[in-house]
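>>> sequence plus predicted model, see below.
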Amino acid sequence: MKKIILLISIIWYNYSAASLPYPIHSRTLSNGLKIIVCEKNTNPMAQIEVWYRVGSKDEWDGVRGMAHLFEHMMFRGSKKFVGNTSPDKTIERVGGSSNAYTMTDRTVYHEEVPASSIETFIEMEADRMENLLLDQKLLDAEREVVGEELRLGINNWYSKMVSERYPALYPGGHPYKVDVIGNLNEIVTFTTKQCQDFYNKYYSPNNAFVVITGNVKADQIFSLCEKYFGVIKKQLPLNIKKTEPDVFSHYITLDEMQIDFPVQIYSYIIPSPAFGHKDYYAFNLLSELLFSNSNSLLNRRLVNGNLAYDIQGTQDESRMYSAFTTFDIIMDVKVGNAKVIKEVSREINNIIAEGVDDADLKDYLRNLENKNMFRAYSNAEICGELGFAEYYLGDYNNYDKKLEEYKKITSNELKRIAETYFNPEKMKVINIKPIEKE
């Protein structure tokens, strides 16, 4: 049986090393909107994604949470698509699915629909880029929805802890200082004028790009995008990267927290280099090998060794600015938990002294390549990879660059990364314990 598994792994390894086996084309409209099309004619569906270069990093005091609110507002309708033709109703009618997400750096709207209906959704995305409905009634409804999300988060002990910890992490003036979902006390006071100002400031063709993957032809898509998006005239100034405070010299004063749940957590807070930094890929890889992966070194030592229940991590590859990566080791409440900190330090010090075992490094890279292979079957995954490359790597053609960069990393380089970023003497650990009952 082991021989069969090994053979399959080798086949996956060789297959996944290749680029996507589908034609990819792009064109930029005169108003600055770039269109990227992957002709993946393997099923009758198509995925359309509109990536806006706006996230919580672009908010200002008084509108914290506005980027996320807009994710909701964009589904409320536009000049042409409202009522029975609203985005949700239109999706239901053709049998597709739609959603969106907001992060620190970006907001992305996406639909998977029958390819025969793609023109409708190109028109819909164009109309809500230009003619979004913004009135007090809609705003009141969506403020309540977002407020309920915040309240639901507070009712979950772990989400509540993460939310309460977040403000203590970043220095003042950092683009990630406020969590994506924002501040409830500001959200409930948003005005339609503030919403309109935010919309006018960030929702334009030259602050976005479109990615479409599926059973489509590029020339047809370009023609449709020219017809619907090409007429949008509004233009925004280029979104220039902000100056950020140095998280690596920032001292986090929070040492302990209390939670209303019967577990103890050692929360490791690690400053992380931003995308574009020379250590970005190696940092991500070592984080995975140590903490994030279900088969990581510390999962094997702590979780499989019955010293902890779980390790929860918040590392995000898509960080335009330096950020804090957090890893929460969740344990039973008992005497002797300090042993966990010693085990973490021992594992990291071993890497500092000897590097990462070649077998562990090869297994991780093989797993990464296998994941890439499976992504090639999904319209959504391909759109995501092309979108990430366009936004963070500056060109969708670099969609396979991440894998190539990871493959260059050596055990010796990981020794340096461990010493620089994961040194136990430098890492911040917050001790999170249950509230003591009287």
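Alright, I've got the coordinates.
>>> what residues sit buried inside the longest helix seen in the chain?
Scanning the chain for the helix with the most residues, using DSSP state H, yields helix 136-155. By neighbour count, with 16 or more other CB atoms under 10 Å as the criterion, the buried positions of helix 136-155 are 138-139, 142-143, 146, 150. (Glycine included, C-beta is placed from N, CA and C.)
>>> who's in contact with that helix?
Counting by CB atoms under 8 Å, 6 or more residues apart in numbering, the neighbours of helix 136-155 from elsewhere in the structure are 65, 68-69, 72-73, 76-77, 159-160, 163, 181-182, 184, 187-188, 190-192, 195.
>>> let's see 7 Å
By CB atoms under 7 Å, 6 or more residues apart in numbering, the surrounding residues in contact with helix 136-155 are 65, 68-69, 72-73, 76, 159-160, 163, 181, 184, 187-188, 190, 192, 195.
>>> over to stretch 26-42?
Residues beyond stretch 26-42 that count as contacts (CB under 7 Å, 6+ apart) turn out to be 20, 22-25, 205-206, 208-218, 221-222, 225-226, 229-230, 232-233, 235, 379, 382, 386, 390, 396.
>>> now it: buried residues?
Neighbour-count burial for stretch 26-42, counted by 16+ other CB under 10 Å, picks out 26-27, 29, 32-40.
>>> chain neighbours aside, what residue packs nearest to Tyr22?
Excluding its sequence neighbours, the residue lying closest to Tyr22 (CB to CB, 6 or more residues apart in numbering) is Lys40, at 4.5 Å.
>>> Gln194 too?
Nearest residue to Gln194, sequence neighbours excluded (CB to CB, 6+ apart): Val63, at 5.5 Å.
>>> verify the stated contact: the one you found with Phe198.
Yes: the criterion here is CB atoms under 7 Å, and Val63 meets it with Phe198 at 6.4 Å.
>>> which stretches in the stretch 101-250 of the chain count as helices?
Secondary structure of the stretch 101-250 of the chain by DSSP state H, counting those that start in this stretch: the helices cover 118-130, 136-155, 157-165, 184-187, 192-202, 218-228.
>>> where's the longest one relative to the chain centroid, distance-wise?
Here helix 136-155 is found 22 Å from its chain centre; the criterion is CA atoms, centre = their mean, to the nearest Å.
>>> give me the mean pLDDT for it.
Helix 136-155 comes out with an average pLDDT of 81.
>>> same check, this time on stretch 262-271
Rounded mean pLDDT across stretch 262-271 is 96.
>>> check stretch 67-82 too.
When pLDDT is averaged over stretch 67-82, the result is 90.
>>> I'd like the distance from that stretch to the chain centre, please.
The chain centre lies 21 Å from the centre of stretch 67-82; the measure is CA atoms, centre = their mean.
>>> likewise for stretch 365-382?
For stretch 365-382 - counting by CA atoms, centre = their mean - the centre lies 17 Å from the chain centre.
>>> make a ChimeraX selection of whichever of the contacts of helix 136-155 turn out to be buried.
Only the buried members of the contacts of helix 136-155 end up in this ChimeraX selection, burial being decided by 16+ other CB under 10 Å:
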select :65,68,69,72,73,76,181,184,187,190,195
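>>> from the contacts of helix 136-155, pick the one nearest Glu436.
Compare each of the contacts of helix 136-155 with Glu436 using CB to CB and the shortest gap goes to Lys160, at 17.6 Å.
>>> which residue, other than its chain neighbours, is closest to that closest one?
Ile154 (5.0 Å).
>>> how about the strands in the protein?
Assignment of strands within the chain using DSSP state E yields the ranges 24-28, 34-39, 45-52, 97-102, 107-114, 208-214, 256-259, 264-272, 310-313, 323-331, 428-434.
>>> for the fifth one, which strands pair with it and how are they oriented?
Translated: strand 107-114. Based on DSSP bridges, the strands next to strand 107-114 in the sheet, each with its direction, are strand 45-52 (antiparallel), strand 97-102 (antiparallel).
>>> quick one: Leu307 from Leu236, how far?
Here the distance between Leu307 and Leu236 works out to 52 Å (CB to CB, to the nearest Å).
>>> hmm, I typed the wrong one, I wanted Lys177.
Per CB to CB, Lys177 is found 23 Å from Leu236.
>>> who is the spatially closest residue to Val108 that is not a sequence neighbour paired with across the strands?
The spatial neighbour of Val108 that comes closest, neighbours along the chain excluded (CB to CB, 6+ apart), is Trp51 at 5.1 Å. Per DSSP bridges, the residues bridged to Trp51 are Val108, Phe209.
>>> identify the residues contacting Val188.
143, 147.
>>> if I look at it, what pLDDT would I see?
The pLDDT attached to Val188 in the predicted structure is 86.
>>> quick one, phi psi at it?
Dihedral pair for Val188: phi -70, psi -10, per degrees, to the nearest 10.
>>> give me the low-pLDDT residue ranges for the stretch 1-150 of the chain?
1-18 (pLDDT under 70).
>>> which of the strands of the chain is buried the deepest?
strand 208-214 (a mean of 27; mean count of other CB atoms under 10 Å).
>>> elements contacting it?
strand 34-39, strand 45-52, helix 379-392 (3 or more CB pairs under 7 Å, 6 or more residues apart in numbering; DSSP states H and E).
>>> with distance to Ala115 added, can I get the ones you listed in TSV?
Shown next, in TSV, are the helices and strands packed on strand 208-214 (distance: least, CB to CB, whole Å):
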stretch	distance to Ala115
strand 34-39	11
strand 45-52	4
helix 379-392	10
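>>> show me what contacts Glu347?
297-298, 301.
>>> which among those residues gets closest to Ile351?
Leu297 (8.2 Å).
>>> tell me the contacts of the closest one?
Leu297 neighbours (CB under 7 Å, 6+ apart): 289-290, 347.
>>> among those, name the ones in helices.
Among the contacts of Leu297, the members that lie in helices (by DSSP H) are Glu347.
>>> of all the contacts of Leu297, which comes closest to Lys242?
Set against Lys242, the nearest of the contacts of Leu297 by CB to CB is Leu290 (30.2 Å).
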